[in-house]
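K.L.:
A structural model of the following input is requested.
(4 chains)
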Number of protein chains: 2
Amino acid sequence: MGISERKERQKAELREHILHVARDMVMKEGFDALSMRKLAEAVEYAPATLYLHFENRDAIARELCVRGFQELLAVLEPAAAVADPVERLSRLTEAYLAFGLKQPETYRLIFMEDPRLSAALFQDQQDGAGPKSFAVLLRVFEDLEAAGRTPDAIPPARLAEVFWAGLHGIVSLKLTCSGFTGAPAEVLGQTLVATLLRPPALRAKPARRPR
Amino acid sequence: MGISERKERQKAELREHILHVARDMVMKEGFDALSMRKLAEAVEYAPATLYLHFENRDAIARELCVRGFQELLAVLEPAAAVADPVERLSRLTEAYLAFGLKQPETYRLIFMEDPRLSAALFQDQQDGAGPKSFAVLLRVFEDLEAAGRTPDAIPPARLAEVFWAGLHGIVSLKLTCSGFTGAPAEVLGQTLVATLLRPPALRAKPARRPR
DNA sequence: GTCTATAGGCTGATAGAC
DNA sequence: GTCTATCAGCCTATAGAC
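P.N.:
Below is the predicted model of the structure:
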């Protein structure tokens, strides 16, 4: 069975290679510039060959979208592991913004291009990559609430949504309205963090106002 | 001179008509679906005729973008005129979100499509439509600061940027990741407002903690 | 499994007749 | 000012030879 295994392996390798080259093209020229013809030329195969490995162009787009999202998740992971929720929130912010600005075309593909692509990430209500990563954000605000650091009477889930919308807004405005925005993304990010946190209780001077 | 005036007027009317039909097409099918051929067919002229009124497709896109932005401004205007800055902030939020959700394709065209289009709105640093409308947001936070309702030590300009990013994030996530977000846009908007405001000083009970 | 060849579209833009 | 006709190019996808 060695021969057929090798063939399978080689087929999988070619598939990976195609995806890798496609990813490079998207990163350099944007998703719209990715055509089957150009991709075929770049991988030095005939256009028809691509269809042996992918059903159509959309299938490639979906795969790139999923992988891009996984990259984002990987970038967030170290930040998500920080114990202190305040520090964690700040680190998540940095990591998210850095990813969006360093990989603009990947970010566009994931979150700004085709609703069908993005929607797919959030379809499996329980198990999809989207909900899973949202859980990371949710946990920060649950931990913050437990520490008494969230604004009163706002549920963590809603804070997490506003937080994500804020991050996404910062990234996408920078990507699309570059001409405008004044402060750097990192500064806006830390401002966002500041507005979502309630100032810590002043335990250092408890005498000042107990109860 | 009546005849040439009439001709000029008719030419301008046709130009308006073309733009109007183009706008409808964008609203219904999105900007990518707008082609010179389809547009020509829709206005019942030959494709070549369009080029007598517009240099090329990009010129139409620019015009639609500018007009879409003016529509957004018009929608914000009543809210911007409210005297009380807290109420004004809330009303601006409602108006902005309503516009984005009711005119998704217009919103996409303005802020999510081509960076060159959006950048154009913010080019004239002093006088462009973009900076002008940002001034509206800036003024709210200046007024809020004067009323002691902004979080400490954050300049109004930065709060205005974070506010706008938040609004844009809410709209664009709803437009692109519709599958996901939990709370309705209006709720997220009011949460955003709440996080950007400092609770009012308790003047009702001044004895509680003067100074 | 890979190719060539091609079907069957679409696109923006223009030359030149009327 | 408007048309017809067309250039020159792009695209996805597939049939069928090797």
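
K.L.:
Could you see whether chain B lies near stretch A:88-102?
P.N.:
No. Stretch A:88-102 does not reach chain B (Cβ under 8 Å from any Cβ of the partner chain); its nearest approach is 10.8 Å. For glycine as for every other residue, the C-beta is placed from the backbone atoms N, C-alpha and C.

K.L.:
how far is that stretch from where the chain is centred?
P.N.:
Distance, stretch centre to chain centre, for stretch A:88-102: 10 Å (Cα atoms, centre = their mean, to the nearest Å).

K.L.:
who's in contact with it?
P.N.:
A:71-72, A:75-76, A:78-80, A:82, A:107, A:136-137, A:140, A:143-144, A:163, A:167, A:170-172, A:174-175, A:185-186, A:189-190, A:192-193, A:196-197 (Cβ atoms under 8 Å, 6 or more residues apart in numbering or on different chains).

K.L.:
Okay, now the unreliable bits of chain A?
P.N.:
A:1, A:203-211 (pLDDT under 70).

K.L.:
Identify, by residue count, the longest helix of it.
P.N.:
helix A:2-29 (DSSP state H).

K.L.:
does any part of the strand or helix carrying residue A:77 sit near DNA strand D?
P.N.:
Assigned by DSSP states H and E, residue A:77 belongs to helix A:57-80. Yes. Applying Cβ under 7 Å from any atom of the strand, one finds helix A:57-80 in contact with DNA strand D at A:57-58.

K.L.:
contacting residues for the most centrally placed residue in chain A?
P.N.:
The centroid of chain A falls nearest to residue A:72 when counting by Cα atoms, centre = their mean (3.9 Å). Contact partners of residue A:72, counting by Cβ under 8 Å, 6+ apart, are A:96, A:99, A:107, A:110, A:133.

K.L.:
pull the CA atoms of stretch A:94-104 into CSV?
P.N.:
Provided in CSV are the C-alpha atoms of stretch A:94-104 (Å, rounded to 0.1, in the frame of the first residue of the first chain):
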residue,chain,number,x,y,z
GLU,A,94,-2.7,44.7,21.5
ALA,A,95,-2.6,41.3,19.9
TYR,A,96,-5.9,41.8,18.0
LEU,A,97,-5.0,45.2,16.6
ALA,A,98,-1.5,44.1,15.7
PHE,A,99,-2.9,41.2,13.7
GLY,A,100,-5.4,43.3,11.9
LEU,A,101,-2.8,46.0,10.9
LYS,A,102,0.0,43.6,10.0
GLN,A,103,-2.3,41.3,7.9
PRO,A,104,-4.7,43.7,6.4
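
K.L.:
Same question for that stretch: list its buried residues.
P.N.:
Neighbour counts over stretch A:94-104 (16 or more other Cβ atoms under 10 Å in any protein chain shown) mark A:94-97, A:99-101, A:103-104 as buried.

K.L.:
Take those residues and lay them out in JSON lines including secondary structure.
P.N.:
Shown next, in JSON lines, are the buried residues of stretch A:94-104 (DSSP: H, G, I helix; E, B strand; the rest coil):
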{"residue": "A:94", "secondary structure": "helix"}
{"residue": "A:95", "secondary structure": "helix"}
{"residue": "A:96", "secondary structure": "helix"}
{"residue": "A:97", "secondary structure": "helix"}
{"residue": "A:99", "secondary structure": "helix"}
{"residue": "A:100", "secondary structure": "helix"}
{"residue": "A:101", "secondary structure": "helix"}
{"residue": "A:103", "secondary structure": "coil"}
{"residue": "A:104", "secondary structure": "helix"}
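
K.L.:
Going by distance to residue A:202, which of the residues you listed wins?
P.N.:
Taking Cβ to Cβ as the measure, residue A:202 lies nearest residue A:94 of the buried residues of stretch A:94-104, at 27.1 Å.

K.L.:
Which helix or strand contains the closest residue to chain B within chain A?
P.N.:
The minimum distance from chain A to chain B, using Cβ to the nearest Cβ, falls at residue A:169 (2.9 Å). Using DSSP H and E, residue A:169 sits within helix A:156-176.

K.L.:
on that earlier part again, roughly how far does the residue nearest to the centre of chain A sit from residue B:164?
P.N.:
For residue A:72, the distance to residue B:164 equals 23 Å [Cβ to Cβ, to the nearest Å].

K.L.:
What residues sit buried inside the helix holding residue A:77?
P.N.:
Within helix A:57-80, the residues that count as buried by 16+ other Cβ under 10 Å are A:60-69, A:71-73, A:75-76, A:79-80.

K.L.:
Next: stretch A:7-22.
P.N.:
For stretch A:7-22, the neighbour count (16+ other Cβ under 10 Å) marks A:14, A:18-19, A:21-22 as buried.

K.L.:
Specify which member of these is nearest to DNA strand D.
P.N.:
Comparing the buried residues of stretch A:7-22 against DNA strand D with Cβ to the nearest atom of the strand picks out residue A:22 as the nearest, at 10.7 Å.

K.L.:
pretty sure the closest one contacts residue A:36?
P.N.:
No. Taking Cβ atoms under 8 Å as the definition, residue A:22 is not a contact partner of residue A:36, at 9.8 Å.

K.L.:
quick one, domains of chain A?
P.N.:
According to automatic domain parsing, chain A comprises the domains A:1-54, A:61-196.
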